[in-house]
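Novice: A predicted structure for the sequence below; I have some questions about it.
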Amino acid sequence: MADKKKKKKRPAPAAQPAPVSQEPAPEQPPRTAKLMAALCYLNVLILIPACTKWRHNAFVKFHLNQGLVVLALATVCACVGFIPHGSEIGLTLTLLVDVLSLVGLIQTLRGLKTPLPLVWKITKNFHPFE
């Protein structure tokens with residue numbers, strides 16, 4: 001028999017571990033704070049976080065201010081609907097305010113503190129919960 005040289009298999013090079021980033025993860029607000037902030041965009045339910053200790057939380061306070069402006073806009077849009085020939089305009093404006101409220105609700109449940117378009121400009125000047 002012929003001498004066959006057996007080839008030795010080299011071990012695969014060890015995989016280098018991925019570098020661990022030293023950046024801290026953005027801090028998420030507590031679950032209860034998220035739920036209280038979400039109530040700020042549900043019309044009359046804004047009274048629950050406004051009358052509890054959570055109104056002192058910075059995350060909830062931010063959304064309380066925006067939710068109050070959204071509630072005021074919804075009230076104005078509903079009043080426009082009672083003006084003669086204003087029902088279509090009032091319905092359209094109410095739908096837009098409802099979309100803003102839904103966007104704010106989603107942002108709070110995700111734990112984000114992003115300002116709502118158009119509402120933020122009013123909130124900068126009108127902030128009763130500061």
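Specialist: Right, received. Where do you want to start? Numbers count the residues shown, from 1 in each chain.
Novice: what helix or strand does the residue nearest the centre of the chain sit in?
Specialist: Most central in the chain under Cα atoms, centre = their mean is Gln107, positioned 1.5 Å from the mean C-alpha point. For Gln107, the host element (DSSP states H and E) is helix 87-109.
Novice: same check, this time on Ile48
Specialist: Assigned by DSSP H and E, Ile48 belongs to helix 47-50.
Novice: For that helix, give the mean pLDDT please.
Specialist: For helix 47-50, mean pLDDT is 93.
Novice: what's next to it, contact-wise?
Specialist: For helix 47-50, contacts defined as Cβ atoms under 8 Å, 6 or more residues apart in numbering pick out 36-37, 39-40, 55, 60, 64, 129. Any C-beta I mention is one placed from the backbone N, CA and C, and that applies to glycine too.
Novice: that older thread, for the residue nearest to the centre of the chain, list the residues it contacts.
Specialist: 113-114, 116.
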